[in-house]
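Peer 1: The amino acid sequence is not available; the structure is as follows:
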């Protein structure tokens, strides 16, 4: 059974704090890893798609790293803002599956207090 | 900005009734998906659809489920005879034909199905 785990489940930080969360996934049969940002009552929105071991991607204050050999990815948010409050989902695609068959973690729910 | 739209946003139905959830994917996308999330659980893959046929389906997607692209724009999920355990948020998603490193999915806002 392919399992994707995210930690922590939830996180409360103050505005301006930097934070990071972890996504663990099977290290064998890796094809791609997706990160999505999901605000309440909205649709999940793609942040990053990562495929290469050692990959680092950045979008504004948010960045992500990927280690396919050990099966983890970190998402970093620098200087958190209240608008960063959302659930952050990671999703794994196994080699040989369809590119849209994402295996999701449960997500990390981030709350940023002003 | 183009987006995936889903209707209805919420449907309440009696057990045993048929339900059709509708989606309008982004117009130039070629790959279509349905996912669901039961409250408190992970988002789960149901089915992928390409070139007018199912390309992959999960164990959840049994004979009670079907998908259709009846015209050039709509993509529907039908549940023939709903069960209590079908209560969930159902998400439609689409993707264009780019490769693995750019192939993010575009999700709709979801249709919440409540089976009584």
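Peer 2: Now that the structure is in, tell me what you want to look at. Since this is a predicted model, take the numbers as computed values, not measurements.

Peer 1: Now do the contacts for the spatially closest residue to residue A:14 that is not a sequence neighbour.
Peer 2: Once flanking residues are discounted, residue A:14 sits nearest to residue A:113: 5.5 Å by C-beta to C-beta, 6 or more residues apart in numbering or on different chains. For glycine as for every other residue, the C-beta is placed from the backbone atoms N, C-alpha and C. Shown in contact with residue A:113 (C-beta atoms under 8 Å, 6 or more residues apart in numbering or on different chains): A:12-15, A:82.

Peer 1: Distance-wise, check residue A:113 relative to residue A:57.
Peer 2: 27 Å (C-beta to C-beta, to the nearest Å).

Peer 1: what about residue 15, how many neighbours?
Peer 2: You didn't say which chain, so I picked chain A. Using other C-beta atoms under 10 Å in any protein chain shown, residue A:15 has 12 neighbouring residues.

Peer 1: my bad, the chain I had in mind was chain B
Peer 2: There are 13 residues near residue B:15, going by other C-beta under 10 Å.

Peer 1: Does it touch residue B:83 like I think?
Peer 2: Yes: the criterion here is C-beta atoms under 8 Å, and residue B:15 meets it with residue B:83 at 6.3 Å.

Peer 1: tell me, what's touching those two both at once?
Peer 2: residue B:115.

Peer 1: So residue A:84 sits against residue A:110, correct?
Peer 2: Yes: the pair residue A:84 / residue A:110 is scored as a contact, 6.3 Å apart, by C-beta under 8 Å.

Peer 1: Need the overlap of contacts for these two.
Peer 2: Common neighbours of residue A:84 and residue A:110 (C-beta under 8 Å, 6+ apart) are residue A:77.

Peer 1: What's the mean pLDDT across stretch A:59-68?
Peer 2: What stretch A:59-68 shows for mean pLDDT is 97.

Peer 1: Pull the residues that contact it.
Peer 2: Residues contacting stretch A:59-68 (C-beta under 8 Å, 6+ apart): A:27, A:30, A:33, A:35, A:47-48, A:50, A:52-58, A:73-81, A:84.

Peer 1: give the contact list for residue 42.
Peer 2: Picking chain A for this. residue B:109.

Peer 1: wrong one, I was asking about chain B
Peer 2: A:4, A:104-106.

Peer 1: Please list only the buried members of those residues.
Peer 2: Burial by neighbour count, judged by 16 or more other C-beta atoms under 10 Å in any protein chain shown, picks out A:4, A:104-106 from the contacts of residue B:42.

Peer 1: can you count the residues close to the one residue in chain B that gets nearest to chain A?
Peer 2: Nearest residue of chain B to chain A, counting by C-beta to the nearest C-beta: residue B:104, 3.4 Å away. Counted by other C-beta under 10 Å, the residues lying close to residue B:104 total 23.
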